[in-house]
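**Student:** what's the 3D shape of this:
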Amino acid sequence: MKVRITHLAICLIVVTNIHAEMIDTTGFTPWLSVGKWGKNSTETIGQTFTVGSDNRLDSFTFYIADALDPDFMDFTAYVMKWNVNRATGSILFESDPLRTTNNGGAGGMEEFTLDTGGLYLTEGEQYVAFFSSSTYPSTPQGNGWAAYVGERYADGTFVYIDNGSSLASLTTSHWVTNYPGGDLAFKVTLVPVPGAVLLGMLGLSVAGVKLRKKI
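**Tutor:** Take a look at the predicted model:
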């Protein structure tokens, strides 16, 4: 008696379904203006948000208008962890220098979207995404407004701090967190951590697929 076992090589690819979670208050109207902010005014404004199961931050967006032509605003965008009434820990994301270009608000609110490169955050924790002019000189003056939509997002709020030229104050001083009914017009894009390809283009030998018996 002979038994022949034929092995079949198969390729199994498992791909995780990737979807993004978008926190977005921009669809609410009307947009209002909150400020002024900028150098020698309120130097730092931001929005807190809470991270769900999708915990990789891909980008965030705010809308800003400078106040006077030809003045412009120089500033930097940041992300830090948030603890009740202040930023905490180290800076998790810092953008390149940014500058407004809309000639005293003549073009309406100007969109600033920051690609954070897939910043890994912690599920269930709060963070603050913010803009600050603290590290820039006082000339040109450069003040402006941010787009504001009222209370639209339950898991965060509009926050700000008059911190002068001190970034250290972001973690040592209380920010203002009780602006009436407060959220900025903002977007935050969070995506899940990519699942590994469990078996990709792997030749998997399956024994016993075919038996041939000969007596």
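
**Student:** Let me see the ranges of the helices in the chain.
**Tutor:** 169-172 (DSSP state H).

**Student:** Outline the domain layout of it.
**Tutor:** 1-16+195-215, 20-194 (automatic domain parsing).

**Student:** Could you check the pLDDT of Trp37?
**Tutor:** Looking at Trp37, its pLDDT reads 91.

**Student:** Between the domains of the chain, which shows the greatest average number of neighbours?
**Tutor:** Per-stretch averages of neighbours, counted by mean count of other Cβ atoms under 10 Å, single out domain 20-194 among the domains of the chain, with a mean of 18. C-beta: built from backbone N, CA, C; applies to glycine.

**Student:** circling back: can you tell me which of the domains of the chain has the worst average pLDDT?
**Tutor:** domain 1-16+195-215 (a mean of 40).

**Student:** how long is stretch 104-117 end to end?
**Tutor:** From its first residue to its last, stretch 104-117 covers 31 Å (Cα to Cα, to the nearest Å).

**Student:** what's next to it, contact-wise?
**Tutor:** 31, 57-71, 77, 79, 93, 95, 98, 100-102, 129, 131, 144-145, 147, 185, 187 (Cβ atoms under 8 Å, 6 or more residues apart in numbering).

**Student:** Sort out for me which of those are in strands.
**Tutor:** Of those, the ones assigned to strands by DSSP state E are 57-66, 77, 79, 93, 98, 129, 131, 144-145, 147, 187.

**Student:** wait, what's in contact with the residue positioned nearest the centre of the chain?
**Tutor:** Centroid-nearest residue in the chain, with Cα atoms, centre = their mean: Phe60, separated by 3.7 Å. By Cβ under 8 Å, 6+ apart, the contact list for Phe60 reads 77, 79, 113-114, 116, 129, 186-189.

**Student:** ok, now how distant is it from Phe75?
**Tutor:** The spacing between Phe60 and Phe75, counted by Cβ to Cβ, to the nearest Å, is 14 Å.

**Student:** same question, Gly46
**Tutor:** Applying Cβ to Cβ, the value for Gly46 to Phe75 is 11 Å.
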